[in-house]
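J.: Curious how this folds, go ahead:
(2 chains)
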Amino acid sequence: MKLPDSLDDAVSDVTADLPALAVASRNQGLSIRRRRRALAAVGAVAASTVLAIGAYALVPGLDGDDDRGVASNLAAPDISGPPSGATAPITSHGVAAALAASVDEVADGTFGRFQGDVSEGEGLAALLFRPDTGSGPAGQVFVNLQPVSMAGAAPYTCVGYLTEYISDCSTRQLDDDTTLRTYREDGDTEIGAESQRVVAEVIDRARRLRVIVYAMNTNPWVNGEFRDQAVLTTEQLTEIATQPWWSRTRLPVEYVEAGERLDLYEG
Amino acid sequence: MTDLLDEPVTAVRRPESFEEFVVATGDRMLRTAVLLTGDRHAAEDLVQSAYAQAFSRWRLVSRADNPAAYTRMILTRLFLSDRRRKRVRELPLLAGADAPTASGDPSLRLSLVDALGTLPPLDRAVLVLRYFHDLPVAEVADQTGLSESACRTRASRALARLRTHFPDLADEA
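T.: Residues are numbered from 1 along each chain as shown, chains lettered A, B, ... in the order given. A predicted model of the protein is given here:
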């Protein structure tokens, strides 16, 4: 008696009332959405690269931080030197600090609205970044640390991957276990037709980790304002996404400690 | 309708609507939940909660590489987190030496679902993902939060325990 067959047999007569299940699940899901909006919290899990964090959170100008209503005049967390190699358990604040410090390494500008969340085995963070050059609103920069299984099955190519939504997709094998995939996704239906999102994604089978980093040319709090280009380039995002210390469970202790001094925006 | 559960969903096979997705995947999701919980009503609650979570972020789930696998992961995590909360109240259903076996009195013979219920929830999840869904160990490890070696250890131990009830059980596909 083979176990797979036995398991199949054991539940072969189990069937669901599918229409009723769909209706009940939809209603319960709507309730979850309403609660989430009421809390205006950072979403916990991103299945793909597209997560409009807190898009419903605030109207522009409400907090009066600057002329676009979005605080983006903060410096990155003060971290001296590269990570020592020591790590500490990942925290919401820590992953936000790690993202800010990584952006600060590749571009000059100011920061704001740090957000972070660690739950359900994933870590994510977002922030607003306004480069010193160029004009327009701050752009959102985002990182999501996922289990590698969220990337689907290897090989990780551009063929058939989000084909309805993305462009300029390319992949590069960094080593036997690690794939870099970059692409852009413009015209987000929730953010606006002129929105640009540039994405770098590292899929590391050896470390069972998928790192997604993206940058936009706008942010969810400004209605209809866009920069000419996303606030980070594909190359800059690639440098951030390929940092060897990203993990779903631990981060360099310097970032975790810096995170303790970081005020997260609760929306 | 084609079962979407264990096949990669490409752009052309992406579910058109949440309802279509539930219809295509619901039976197998419920079977998974029955194997995990050992109880039809608990399984229905678990499946509904998993689909509700999926619906609450449907825009993301529907565009995932494999929406059904993503929802199954939600279901597994809900099951495990729920079991962790309830663990302090749990009592073992059967105690080793007293457990009826397949070679004993037929009236005491366990069903496979009942026998799964005697295993710790994590062991159960490992077996169901590994042998019902035929997932590779690495993916089982991802979904359960265990290391690959811990998955193998748990699967081996769980199989040994199941064999106390079903001596002829083989693990190969």
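J.: Need the pLDDT of residue A:69.
T.: pLDDT, residue A:69: 43.
J.: Go ahead and confirm residue A:25 touches residue B:46.
T.: No. Using CB atoms under 8 Å, residue A:25 is not in contact with residue B:46, being 11.4 Å away. Placement of C-beta: from N, CA and C, glycine included.
J.: Okay, strands next: where are they in chain A?
T.: Secondary structure of chain A by DSSP state E: the strands cover A:87-89, A:109-119, A:122-131, A:139-147, A:167-175, A:178-186, A:196-204, A:209-216, A:250-252.
J.: Is there any residue in the first one that contacts chain B?
T.: No. No part of strand A:87-89 sits close enough to chain B to count as contact by CB under 8 Å from any CB of the partner chain; the gap is at least 13.9 Å.
J.: Provide the strand pairings for that strand, with the direction of each partner.
T.: With DSSP bridges as the test, strand A:87-89 is paired with strand A:250-252 (antiparallel).
J.: Could you check how far the partner strand is from the centre of its chain?
T.: 17 Å (CA atoms, centre = their mean, to the nearest Å).
J.: which of the residues in it are buried?
T.: By 16 or more other CB atoms under 10 Å in any protein chain shown, the buried positions in strand A:250-252 come out as A:251, A:252.
J.: And for that strand, what's in contact with it?
T.: Under the contact criterion CB atoms under 8 Å, 6 or more residues apart in numbering or on different chains, strand A:250-252 has outside partners A:83-91, A:94-95, A:98, A:245.
J.: would TSV of the strands of chain A with mean pLDDT and distance to residue B:115 be doable?
T.: TSV is the format used below for those (pLDDT from 0 to 100; distance: least, CB to CB, whole Å):
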stretch	mean pLDDT	distance to residue B:115
strand A:87-89	95	37
strand A:109-119	88	33
strand A:122-131	90	33
strand A:139-147	91	29
strand A:167-175	91	43
strand A:178-186	92	41
strand A:196-204	94	38
strand A:209-216	93	35
strand A:250-252	95	38
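J.: Out of the ones you listed, which is closest to residue B:151?
T.: For the strands of chain A, proximity to residue B:151 was assessed by CB to CB; strand A:139-147 is nearest, at 13.3 Å.
J.: any idea of the angle the closest one forms with strand A:122-131?
T.: For strand A:139-147 against strand A:122-131, the angle by axes from the mean of the first three to the mean of the last three CA atoms, to 10 degrees is 160 degrees.
J.: which helices and strands sit right next to strand A:139-147?
T.: Applying 3 or more CB pairs under 8 Å, 6 or more residues apart in numbering or on different chains; DSSP states H and E, we find strand A:139-147 packed against helix A:92-106, strand A:122-131, strand A:209-216.
J.: for the stretch 1-150 of chain A, which spans come out with low pLDDT?
T.: Residues of the stretch 1-150 of chain A meeting the criterion pLDDT under 70: A:34-73, A:80-81, A:120.
J.: so where do the helices sit in chain B?
T.: B:18-37, B:40-56, B:58-61, B:67-86, B:112-117, B:121-127, B:137-144, B:148-165 (DSSP state H).
J.: where's the longest helix along chain A relative to the chain centroid, distance-wise?
T.: Ordering each helix of chain A by length in residues (DSSP H) puts helix A:18-39 first. Chain-centre distance of helix A:18-39: 24 Å, with CA atoms, centre = their mean.
J.: what angle sits between that helix and helix B:67-86?
T.: Using the same axes, to 10 degrees: helix A:18-39 against helix B:67-86 is 70 degrees.
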